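Peer 1: here is a sequence together with a model predicted from it:
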Amino acid sequence: MVDVILGLQWGDEGKGKIVDYFAPSYDVVARFQGGPNAGHTLYVNGQKVVLHQIPSGIFHPGKINLIGNGVVLDAVTLKRECEKVAAMGVDYKKNLYISERTHLILPTHRALDRASEIAKGNDKIGSTLKGIGPAYMDKTGRNGLRVGDLLDKSFTSQYIKLRLKHQRLLDNYNFQEDISNWEDEFFEAIEELRGFNIVNGEYFINDKIQQGKKILAEGAQGSMLDVDFGTFPFVTSSNTISAGVCTGLGIAPQKIKEVLGVSKAYCTRVGSGPFPTELNDEMGEQLRTTGSEFGATTGRPRRCGWIDLVALKMACMVNGVTQIIMTKTDILDAIAQLNVCGAYKINGKEVTEVPFQMNRMQIEPVYKSFAGWQTDISLLKDYDGLPAKMKEYINYINSYLNVPVKYISNGPGRDQIITA
Ligand code: GDP
Ligand code: IMO
Ligand code: MG
């Protein structure tokens, strides 16, 4: 049996905290897409940790953590992260497994990411520059190197061949950067990676399913960054939606049971691209400051705005969301009036569907306003104790989306979550 936790907005919904919270109820936590562009924040015994490559179940002894074939892996980031969690007492060699089909991010992929962004000029994506796009391009272009290739004698010669190809592309971009330091680090990390638990991921996970083990698939990024259904071209290069679980781990769709969609009580986005409910005013600044809305991977300020139910409803539809987890509700504690976007006005007409090419049109959000609860909710433990005004806000979202908000997160801590 497989349950999924994934983001419903433009990423950073709090997936890491939520996966860490639910991990004790599962046997395996598996990442199915994305790479080190992800930054998942957890608090372990009060200590803040940001994970980029390692699944967020790693702090629970005895739980297996799998990096699936749908992920793109940066060995250097993984090595650093392993050192970090080892210093916190985690025996990662025992609990971390990597699929042999997982594609590797090479130093030249990072250089190509930079070159591509520079060439785009004003149309840049706002990529995290971790080499994600170029690594996935080499996968679909049938050129990439995979973790299983590390175990083959021909790895270095395969690497050199691909590097030459990349160099020609970099020359076309007229991009010059000395990547020799990155390469030294890369080969050091690759050497270490050879000693990891490298497995045939699809058999590994299906065996676990057969044995009756419970699997939790952890999404990275968010549904609006999905390469097919997000705000293309301002998206990431993988399928972030629940369908990605099947291709990214090698499991059949009927094995998936619950799809838990994580959404903030408001909305943020980091990087370029359309964001209809963005607030470029004091309220946006207040959300950013109160919510500490700065990227966990790049430190960039996140763009902030009101919750967008038009986009959320689409995300619920394409993911088959069965339960919603609403995070960062405490960040709205002091706000007197809250707005919820239930439609877009485009050329004078109200629509409730996410249009094709949002970035090429003027979208005016149509809001319904709610009185804020103006109460500190961060210490509350049960649903009945929540302010009535907050319940009104949540009930409206519930009924608009026609999916129940089952959990309410009211702080970054492991225990700050309320079951509705
Ligand atoms: P992810 O990428 O979806 O895992 O999310 P990030 O870790 O990038 O960003 C979420 C941020 O919000 C992190 O700093 C979390 O510690 C924090 N966070 C998560 N849930 C809550 C919550 O309910 N309240 C508050 N105040 N912070 C939260
Ligand atoms: P988590 O898992 C928020 C954004 C980037 C950029 C676009 C493409 O922490 O939610 P890429 O590096 O993939 O080429 O960037 O996607 N982006 C994220 N935004 N959270 C993330 O991950 C993101 N991963 C990528 O800012 O706009
Ligand atoms: Mg994040």
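Peer 2: Thanks, I have it. Ligands and ions are numbered 1, 2, ... in the order given.
Peer 1: distance from the chain centre to stretch 202-213, please.
Peer 2: 24 Å (Cα atoms, centre = their mean, to the nearest Å).
Peer 1: close to ligand 2: what parts of the stretch 251-400 of the chain are there?
Peer 2: Within the stretch 251-400 of the chain, the positions adjacent to ligand 2 are Val270, Gly271, Ala296 by Cβ under 6 Å from any ligand atom. (Each C-beta comes from the backbone N, C-alpha and C, glycine too.)
Peer 1: please go through the residues you listed and note which also touch ligand 3.
Peer 2: Restricting those to those touching ligand 3 (Cβ under 5 Å from the ion) yields Ala296.
Peer 1: residues contacting the nearest residue to Ile417 once chain neighbours are set aside?
Peer 2: With sequence-adjacent residues excluded and distances taken as Cβ to Cβ, 6 or more residues apart in numbering, Ile417 is closest to Ser409, at 5.0 Å. Counting by Cβ atoms under 8 Å, 6 or more residues apart in numbering, Ser409 makes contact with Gly14, Lys17, Ile18, Ile325, Met326, Thr327, Lys328, Thr329, Gln416, Ile417, Ile418.
Peer 1: if you set the cut-off to 7 Å instead, what comes out?
Peer 2: Gly14, Lys17, Ile325, Met326, Thr327, Lys328, Thr329, Gln416, Ile417 (Cβ atoms under 7 Å, 6 or more residues apart in numbering).
Peer 1: ok, now Ile363?
Peer 2: Here Ile363 is in contact with Pro276, Tyr344, Ile346 (Cβ under 7 Å, 6+ apart).
Peer 1: would you turn the residues you listed into JSON lines with distance to ligand 1?
Peer 2: Shown next, in JSON lines, are these (distance: Cβ to the nearest ligand atom, whole Å):
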{"residue": "Pro276", "distance to ligand 1": "21"}
{"residue": "Tyr344", "distance to ligand 1": "25"}
{"residue": "Ile346", "distance to ligand 1": "29"}
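Peer 1: in strands, which of those residues appear?
Peer 2: The members of the contacts of Ile363 that map onto strands under DSSP state E are Tyr344, Ile346.
Peer 1: report the backbone C-alpha coordinates of stretch 238-246 in PDB.
Peer 2: Extracted C-alpha coordinates of stretch 238-246, given in PDB (Å, rounded to 0.1, in the frame of the first residue of the first chain):
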ATOM      1  CA  SER A 238       9.700  16.600 -13.700                       C
ATOM      2  CA  ASN A 239       6.200  15.400 -13.100                       C
ATOM      3  CA  THR A 240       5.600  16.600  -9.500                       C
ATOM      4  CA  ILE A 241       2.000  15.200  -9.400                       C
ATOM      5  CA  SER A 242       0.900  11.800  -8.100                       C
ATOM      6  CA  ALA A 243       1.300  10.200 -11.600                       C
ATOM      7  CA  GLY A 244       5.000  10.800 -11.100                       C
ATOM      8  CA  VAL A 245       4.900   8.300  -8.200                       C
ATOM      9  CA  CYS A 246       4.300   5.400 -10.600                       C
END
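Peer 1: what parts of the stretch 1-150 of the chain come near ligand 3?
Peer 2: Asp12, Gly39.
Peer 1: those residues of the stretch 1-150 of the chain touching ligand 2, which are they?
Peer 2: Taking Cβ under 6 Å from any ligand atom as the contact definition, the stretch 1-150 of the chain meets ligand 2 at 7, 10-12, 37-40, 125-128, 130, 132-133.
Peer 1: good, we can wrap up now.
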